[in-house]
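S.K.: Take a look and give me a structure for this.
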Amino acid sequence: MPTSLLKLFTTFFRIGLFTFGGGYAMIPLLERDIVQRNGWLNSAEFTDLLAIAQSAPGVFAVNMSVFVGYRRRGVWGALAAALGCVLPSVVIILLIALFFRQFRHIEVVNNVFMGLRPVVVALIAVPVFNVAKSAKLGWITLWIPVLSALLIVFAGVSPIYVIIVAGVAGFLYGKLKGGKA
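M.R.: Now for the predicted structure:
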(Lines give C-alpha, C1' and ligand atoms only; values in the text may rest on other atoms or scores of the structure.)
Protein backbone atom coordinates (compact mmCIF):
# COMPACT_ATOMS: atom_id res chain seq x y z
CA MET A 1 0.00 0.00 0.00
CA PRO A 2 1.47 3.38 -0.96
CA THR A 3 2.43 5.77 1.78
CA SER A 4 0.19 8.84 1.95
CA LEU A 5 1.65 12.29 1.37
CA LEU A 6 0.22 13.34 4.72
CA LYS A 7 2.04 10.46 6.46
CA LEU A 8 5.34 11.51 4.85
CA PHE A 9 4.75 15.14 5.80
CA THR A 10 3.73 14.44 9.41
CA THR A 11 6.54 11.93 9.99
CA PHE A 12 9.23 14.36 8.87
CA PHE A 13 7.46 17.32 10.51
CA ARG A 14 7.61 15.50 13.87
CA ILE A 15 11.27 14.66 13.33
CA GLY A 16 12.05 18.28 12.43
CA LEU A 17 10.02 19.61 15.34
CA PHE A 18 11.57 17.50 18.08
CA THR A 19 15.21 17.43 17.04
CA PHE A 20 17.71 19.80 18.57
CA GLY A 21 21.27 20.02 17.31
CA GLY A 22 20.89 19.71 13.57
CA GLY A 23 20.90 16.85 11.11
CA TYR A 24 23.09 14.38 12.98
CA ALA A 25 20.95 14.65 16.09
CA MET A 26 18.01 13.56 13.91
CA ILE A 27 19.55 10.17 13.13
CA PRO A 28 17.93 8.26 16.04
CA LEU A 29 14.50 9.68 15.21
CA LEU A 30 14.99 9.08 11.49
CA GLU A 31 16.03 5.49 12.08
CA ARG A 32 13.15 4.81 14.44
CA ASP A 33 10.51 6.25 12.09
CA ILE A 34 11.96 5.19 8.73
CA VAL A 35 13.28 1.73 9.60
CA GLN A 36 11.53 0.50 12.73
CA ARG A 37 8.12 2.16 12.82
CA ASN A 38 7.23 2.46 9.11
CA GLY A 39 9.55 -0.07 7.46
CA TRP A 40 10.28 2.30 4.58
CA LEU A 41 13.95 1.16 4.54
CA ASN A 42 15.84 -1.71 6.11
CA SER A 43 18.92 -1.12 8.29
CA ALA A 44 21.41 -1.63 5.46
CA GLU A 45 19.54 0.76 3.16
CA PHE A 46 19.35 3.30 5.98
CA THR A 47 23.12 3.11 6.52
CA ASP A 48 23.72 3.55 2.79
CA LEU A 49 21.34 6.51 2.76
CA LEU A 50 23.25 8.10 5.64
CA ALA A 51 26.45 7.93 3.60
CA ILE A 52 24.76 9.40 0.53
CA ALA A 53 22.95 12.14 2.47
CA GLN A 54 26.18 13.18 4.22
CA SER A 55 28.15 13.22 0.97
CA ALA A 56 25.58 15.05 -1.13
CA PRO A 57 25.45 18.83 -1.18
CA GLY A 58 22.79 20.43 0.94
CA VAL A 59 21.30 19.94 4.36
CA PHE A 60 21.67 16.38 5.67
CA ALA A 61 18.13 16.00 7.04
CA VAL A 62 16.55 17.42 3.90
CA ASN A 63 18.59 15.02 1.76
CA MET A 64 17.29 12.14 3.87
CA SER A 65 13.68 13.30 3.66
CA VAL A 66 13.84 13.88 -0.10
CA PHE A 67 15.27 10.42 -0.74
CA VAL A 68 12.72 8.63 1.43
CA GLY A 69 9.82 10.72 0.13
CA TYR A 70 10.85 10.14 -3.47
CA ARG A 71 11.23 6.42 -2.90
CA ARG A 72 7.76 6.16 -1.35
CA ARG A 73 5.75 8.54 -3.56
CA GLY A 74 7.93 10.07 -6.28
CA VAL A 75 8.34 13.81 -6.72
CA TRP A 76 5.26 14.69 -4.64
CA GLY A 77 6.50 12.46 -1.84
CA ALA A 78 9.89 14.13 -1.93
CA LEU A 79 8.25 17.56 -1.71
CA ALA A 80 5.92 16.53 1.14
CA ALA A 81 8.74 14.97 3.17
CA ALA A 82 11.13 17.88 2.58
CA LEU A 83 8.47 20.44 3.49
CA GLY A 84 7.64 18.50 6.65
CA CYS A 85 11.33 18.38 7.55
CA VAL A 86 12.11 22.08 7.10
CA LEU A 87 8.86 23.73 8.14
CA PRO A 88 9.38 23.39 11.93
CA SER A 89 12.88 24.87 11.70
CA VAL A 90 11.73 27.75 9.52
CA VAL A 91 8.90 28.63 11.88
CA ILE A 92 11.07 28.30 14.99
CA ILE A 93 13.90 30.38 13.50
CA LEU A 94 11.45 33.07 12.41
CA LEU A 95 9.99 33.22 15.92
CA ILE A 96 13.44 33.33 17.49
CA ALA A 97 14.50 36.08 15.09
CA LEU A 98 11.43 38.10 15.98
CA PHE A 99 11.77 37.75 19.75
CA PHE A 100 15.39 36.85 20.55
CA ARG A 101 16.51 40.38 21.35
CA GLN A 102 13.81 40.62 23.99
CA PHE A 103 14.80 37.33 25.69
CA ARG A 104 18.55 36.92 25.19
CA HIS A 105 19.42 38.65 28.44
CA ILE A 106 17.16 36.43 30.57
CA GLU A 107 19.25 34.01 32.62
CA VAL A 108 16.72 31.16 32.34
CA VAL A 109 16.88 31.29 28.53
CA ASN A 110 20.68 31.14 28.61
CA ASN A 111 20.57 28.25 31.10
CA VAL A 112 18.16 26.28 28.90
CA PHE A 113 20.52 26.60 25.94
CA MET A 114 23.51 25.63 28.10
CA GLY A 115 21.60 22.56 29.31
CA LEU A 116 20.76 21.50 25.76
CA ARG A 117 24.42 21.44 24.63
CA PRO A 118 25.46 18.17 26.35
CA VAL A 119 22.23 16.50 25.26
CA VAL A 120 22.97 17.42 21.65
CA VAL A 121 26.43 15.86 21.97
CA ALA A 122 24.84 12.63 23.20
CA LEU A 123 22.25 12.72 20.42
CA ILE A 124 25.08 12.89 17.91
CA ALA A 125 27.29 10.29 19.62
CA VAL A 126 24.67 7.53 19.80
CA PRO A 127 24.04 7.41 16.03
CA VAL A 128 27.79 7.37 15.38
CA PHE A 129 28.08 4.15 17.37
CA ASN A 130 24.94 2.68 15.77
CA VAL A 131 26.16 3.49 12.26
CA ALA A 132 29.56 2.01 13.07
CA LYS A 133 27.87 -1.22 14.18
CA SER A 134 25.54 -1.43 11.18
CA ALA A 135 28.42 -0.60 8.82
CA LYS A 136 30.26 -3.53 10.42
CA LEU A 137 33.23 -1.42 11.48
CA GLY A 138 35.54 -3.63 13.46
CA TRP A 139 38.90 -3.05 15.08
CA ILE A 140 40.59 -3.65 11.72
CA THR A 141 38.63 -0.95 9.87
CA LEU A 142 38.33 1.48 12.80
CA TRP A 143 41.47 3.27 11.64
CA ILE A 144 39.64 4.70 8.61
CA PRO A 145 37.18 7.02 10.44
CA VAL A 146 39.79 7.80 13.11
CA LEU A 147 42.39 8.80 10.51
CA SER A 148 39.76 10.78 8.59
CA ALA A 149 38.77 12.72 11.71
CA LEU A 150 42.40 13.38 12.64
CA LEU A 151 43.18 14.65 9.14
CA ILE A 152 40.19 16.99 9.21
CA VAL A 153 40.62 18.28 12.78
CA PHE A 154 44.40 18.48 13.20
CA ALA A 155 45.84 18.62 9.68
CA GLY A 156 43.17 20.93 8.30
CA VAL A 157 42.36 18.63 5.37
CA SER A 158 39.07 19.53 3.74
CA PRO A 159 36.28 16.98 4.35
CA ILE A 160 35.63 17.14 0.61
CA TYR A 161 39.06 15.64 -0.10
CA VAL A 162 38.55 12.98 2.56
CA ILE A 163 35.21 12.00 0.98
CA ILE A 164 36.72 11.89 -2.52
CA VAL A 165 39.71 9.80 -1.43
CA ALA A 166 37.47 7.45 0.58
CA GLY A 167 35.11 7.02 -2.38
CA VAL A 168 37.96 6.28 -4.80
CA ALA A 169 39.63 3.92 -2.30
CA GLY A 170 36.32 2.10 -1.71
CA PHE A 171 35.77 1.79 -5.46
CA LEU A 172 39.28 0.43 -6.02
CA TYR A 173 38.96 -1.95 -3.06
CA GLY A 174 35.68 -3.24 -4.50
CA LYS A 175 37.27 -3.74 -7.90
CA LEU A 176 40.26 -5.58 -6.42
CA LYS A 177 38.10 -7.67 -4.14
CA GLY A 178 35.66 -8.39 -6.98
CA GLY A 179 38.54 -9.42 -9.24
CA LYS A 180 39.72 -12.05 -6.77
CA ALA A 181 36.32 -13.77 -6.48
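
S.K.: Next, count neighbours for residue 17.
M.R.: Counted by other CB atoms under 10 Å, the residues lying close to residue 17 total 15. (Each C-beta comes from the backbone N, C-alpha and C, glycine too.)

S.K.: so what secondary structure elements neighbour the one helix or strand residue 111 maps to?
M.R.: Counting by DSSP states H and E, the element that carries residue 111 is helix 107-134. Other elements packing on helix 107-134 under the criterion 3 or more CB pairs under 8 Å, 6 or more residues apart in numbering; DSSP states H and E are helix 27-31, helix 43-55.

S.K.: any low-confidence regions in the protein?
M.R.: Low-confidence regions of the chain, defined by pLDDT under 70, span residues 20-23, 179-181.

S.K.: mind giving me the domain split of it?
M.R.: With automatic domain parsing as the criterion, the domains of the chain are listed as 5-136, 137-181.

S.K.: Determine which stretch of those is the most buried.
M.R.: Mean neighbour counts were taken over these using mean count of other CB atoms under 10 Å, and the top value, a mean of 16, falls to domain 5-136.

S.K.: hang on, residue 81 packs against residue 13?
M.R.: No - the pair residue 81 and residue 13 does not pass the contact test of CB atoms under 8 Å, sitting 9.3 Å apart.

S.K.: Run through the residues that contact residue 117.
M.R.: Taking CB atoms under 8 Å, 6 or more residues apart in numbering as the criterion, residue 117 is in contact with no other residue.

S.K.: now it: how far from residue 111?
M.R.: In this structure, residue 117 and residue 111 are 11 Å apart, going by CB to CB, to the nearest Å.

S.K.: Residue 153 now?
M.R.: Residue 153 sits at a distance of 29 Å from residue 111 (criterion: CB to CB).

S.K.: cool, residue 31 as well?
M.R.: In terms of CB to CB, residue 31 sits 31 Å off from residue 111.

S.K.: what's the biggest helix by length in the chain packed up against?
M.R.: Identified as the longest helix of the chain according to DSSP state H is helix 60-103. With contacts taken as 3+ CB pairs under 8 Å, 6+ apart, helix 60-103 sits against helix 5-17, helix 43-55.
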